[in-house]
Each structure stands twice: as structure tokens, then as C-alpha cells.
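**Student:** Fold the following, please.
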Amino acid sequence: MPETRFEVPEMVRLEILSKLPVKSLTRFRCVCKSWCSSFQTPHFITKHQQNNLHNNNLNLLLKRCLGNTRDDIYYFSQLSTEKGQNFSVQDNIHLPFFEDCWYAPVVSGPCNGLLCLHDADKVALWNPSTREFKTLPQSTVQRPPSVDSTSFGCVGIGFDSQNGDYKVVRFVTNYFEENEDEGLMGDWNHQVELYSLKSDSWKEISVPGVQPYGSPLFNNYVNGFYYWQAIGDSDYLILSFDMVNEKFSALPLPEFGGSLAEYYLELLDFNGLLGAIIYPREGTDKSFDLWVMNGSWTKQFSIESLPRVERPLGFWKNGELFLESSDHELVLFDPSTRELKSLGIHAYQETMQIITYVESLVPINGRSEREELIIRRPAGDASN
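**Tutor:** All right, here's what the predicted structure looks like:
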């Protein structure tokens, strides 16, 4: 009897492959040229990402530092998300590009699996799934005359879905001595510049009437908009930037019944909506209120009187909340049982930041981690 050969249609093969992790797809690029080219198409990249989102396939990076001197460098730890592994450290990742920066890097995003890392005038894009890293070019935006010095402030990353472009927005402050002849009044002025991955260049855009401040603790990119806390002439508000039309707008803060002198307010992406988590600055027992913007601010839920915790770090798959304890240990709170689980991971006070991201094949036209001399060291001790 002749052997029956069953040929799987190409569309079905690609559908199956789009459900695999990036590590497997990287290996399978060597199978044939058609697979390699298919994995790089926008359709496959989007399908792969949608499958990961649908299945809630999340990954965890922990940014931290072990001390507070210039010899103590910030680094990232890849945490295990496998069931039963208790979020143990898999790899410790060192980025040489930021090693001479004491508080670097500030993390913006993720946006479709991409992270924007920045400190002072250094900005880079990183896809930790494909292990591609891109140093952004220096800005060619002209500074005003007679500038004494320039500092680089808040940064945001986002996706322009209309043009299929990834963008980085950055706030710049120029300091100068007052010079009436050149029309410079005061001690500083502001600029805003926008980077496009498609053009690999910066341009200047209009400055909003308010200025953002602070470094994000959570992901402040939500569905095409990036958000910052900001201060206007007399009050605090939220500044948003639309990545498609490249325009700023302002939103009010939630009316939570307190003041920012007494409470911390952190913005975040909560299930595709803008959220704000609010908690007291003082006290050893902390309560956390989550507000969500959906046309207007509404309080989503409250977590009352958690003992010996310092601050929130991020939500996990089923509503669990990562926290930094008063002993500067990473802990996980389960609201359904009110159990606080110690994860055995420590850092210097208030240097921990959790980055939750979905695996992505999005290319950034950069170089491999190996070419950038980025070091991934397997953790010898899962508790460090």
C-alpha cells in the first residue's frame, strides 16, 4: 500500500508557529528561508503578539541595585514565571551602555514588548525577548542661543498605529543666564523632541502648557497614549501624549480625598485603561486604592492595612500585587486570601522596579545583546 503523505497548509503551519515562544522561533529560522522571512512580516509579528496577549503569557524583569554608591550598578534580573518556581531569578543582566550612570536607567514602557531605557542624554530601545538593543542617535534639534547647559527630563514610548511607527517623546530643559538683548527672559526654557524609529531621527514638537515630573514606577503607556504626572500654574494634573497626532492634552487627578503631600499617586496601565494607585506616604501599615479612568475616574478597589510594606511594584496575572516590604524584599500579595508571600529577593531601599511584558518579535533595527556586550549571567543562587 502506498504511503499517504499529508501536507499541512502553509497558513495552518504559520498559525501554529505564531503560538510558540520567541526562543523557539529564533531556532526555527534556520529551518527554511520561507519560515525566516515569514517570522519578520508585520502580520506574523502582530499575530504572535495577539496570541501572547490572549493567553496572558507574561514575562517579568526586575530592575534593582544592591547599594547606593557609584560602585553599585543597577541591573535587571529575569524572573521565572513557571508554575512552582516562586519567581526565582533566572538571569542577572548588565547593560554596559548605562554603567557610568548612577541612577540609570529609567524604564519607560513596555510598548508591544519594547522597553525604552534612558538616563541624561542616553536613550536606548531594548527588546528583551529577541535580545536586540538599539542606541538612539543624538538629537539634532537646535538649542536656543546662549544656553549654558541642557538637561533631559521625562521620556515616554508609544506606538503610532496609523503609521506603524514606534516613537519616543522627551522633555528638555535649557538653562541660561538672562539676556534681554537676545530676548531670553528667566533662567530656563523648555523644548520637547520626538524620535521616530522609522526615520531613526529626532524632531522638535510643540511644548505643552504644563510640565511633567517624576520617574514612572509602572507602565504609563496605554493604548496609543503615554501619561505623566504634571504640574500646572496652581495644581497637579495628568499630561497625556497621543502618538498618532503628536498632541498633548491634560486630565484631572482622581478626587481621592487627600493631597499629594500626604499620598503617593502612581499611574499605570490596568487592563488597557489608565489607572492610578494611591497610597499613604507615612506609616508602617499601608492601604492601596486603585482608580480607573473610563470616561471619568472611578475607584476600582481598595486593599486595606497591609503590614510592613513600603510600596507597590506591579500587578500579576490574577490580580496579585507585587510589593516592596519594609525590609526591602520582593513580596507578593494575594487579595483573595490576603496572604503576603516572601519571594526571597532583596535590593537596596526603593531601587526595585517590576517590568511586566509580553514577548514580542518587533524589530528595532539595532544590534544583538552580544554585540552590545550585554552580559546575562545565570543566577547561582535563586535568592539573590
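
**Student:** C-alpha from now on. contacts and neighbour counts both.
**Tutor:** Fine.

**Student:** Output the lowest mean pLDDT helix or strand found in this protein.
**Tutor:** Least confident element among the helices and strands of the chain, by mean pLDDT, DSSP states H and E: helix 33-38 (a mean of 65).

**Student:** could you point out which element follows that helix?
**Tutor:** Using DSSP states H and E, the helix or strand that follows helix 33-38 in sequence is helix 42-54.

**Student:** How far does that next one sit from its chain's centre?
**Tutor:** Remark: helix 42-54 is offset 19 Å from the chain centroid, using CA atoms, centre = their mean, to the nearest Å.

**Student:** And stretch 123-138, by the same measure?
**Tutor:** Here stretch 123-138 is found 13 Å from its chain centre; the criterion is CA atoms, centre = their mean.

**Student:** now do stretch 319-331
**Tutor:** So, by CA atoms, centre = their mean, the centroid of stretch 319-331 is 19 Å from its chain's centroid.

**Student:** Please state the mean pLDDT value computed over it.
**Tutor:** The pLDDT scores in stretch 319-331 average 93.

**Student:** and that stretch, which residues are buried?
**Tutor:** Buried residues in stretch 319-331, counting neighbours by 16 or more other CA atoms under 10 Å, are found at 320-326, 328-331.

**Student:** And the strands in the stretch 101-250 of the chain?
**Tutor:** 106-111, 114-119, 122-127, 132-135, 149-160, 165-175, 188-196, 201-205, 211-212, 221-222, 225-231, 236-242, 247-251 (DSSP state E, counting those that start in this stretch).

**Student:** and the residue nearest the centre of the chain, what does it touch?
**Tutor:** Using CA atoms, centre = their mean, the residue of the chain that lies closest to the mean C-alpha position is residue 109, 2.4 Å off. Shown in contact with residue 109 (CA atoms under 8 Å, 6 or more residues apart in numbering): 115-116, 156-158, 219-221.

**Student:** Over to residue 307?
**Tutor:** Contacts of residue 307 by CA under 8 Å, 6+ apart are 284-286.

**Student:** Likewise for residue 138?
**Tutor:** residue 121.

**Student:** how near is it to residue 117?
**Tutor:** Distance of residue 138 to residue 117, computed by CA to CA, to the nearest Å: 14 Å.

**Student:** quick one: the residue nearest to the centre of the chain and residue 134, what's the gap?
**Tutor:** Distance from residue 109 to residue 134, by CA to CA: 15 Å.

**Student:** Check residue 293 too.
**Tutor:** 33 Å.

**Student:** what's the answer for residue 290, then?
**Tutor:** Counting by CA to CA - residue 290 and residue 134 are separated by 35 Å.

**Student:** Then residue 262?
**Tutor:** Distance from residue 262 to residue 134, by CA to CA: 40 Å.

**Student:** Residue ranges in the stretch 51-200 of the chain under the pLDDT threshold?
**Tutor:** 69-71, 84, 102-103, 178-186 (pLDDT under 70).

**Student:** Would you agree residue 126 is in contact with residue 110?
**Tutor:** No - shown here, residue 126 and residue 110 do not form a contact pair, counting by CA atoms under 8 Å, at 9.5 Å.

**Student:** shared neighbours of the two, anything?
**Tutor:** residue 116.

**Student:** nearest residue to residue 303 other than its sequence neighbours?
**Tutor:** residue 288 (5.0 Å; CA to CA, 6 or more residues apart in numbering).

**Student:** in a strand, that's where the one you found is, yeah?
**Tutor:** Yes - the assignment for residue 288 (DSSP: H, G, I helix; E, B strand; the rest coil) places it in a strand.

**Student:** can you tell me which residues contact it?
**Tutor:** Applying CA under 8 Å, 6+ apart, the residues contacting residue 288 are 277-280, 302-304.

**Student:** will you turn those into JSON lines that also has pLDDT, distance to residue 363 and neighbour count?
**Tutor:** Output for those, formatted as JSON lines (pLDDT from 0 to 100; distance: CA to CA, whole Å; neighbours: other CA atoms under 10 Å):
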{"residue": "277", "pLDDT": "96", "distance to residue 363": "32", "neighbour count": "22"}
{"residue": "278", "pLDDT": "96", "distance to residue 363": "36", "neighbour count": "22"}
{"residue": "279", "pLDDT": "95", "distance to residue 363": "38", "neighbour count": "22"}
{"residue": "280", "pLDDT": "94", "distance to residue 363": "41", "neighbour count": "21"}
{"residue": "302", "pLDDT": "92", "distance to residue 363": "39", "neighbour count": "15"}
{"residue": "303", "pLDDT": "91", "distance to residue 363": "39", "neighbour count": "14"}
{"residue": "304", "pLDDT": "90", "distance to residue 363": "43", "neighbour count": "13"}
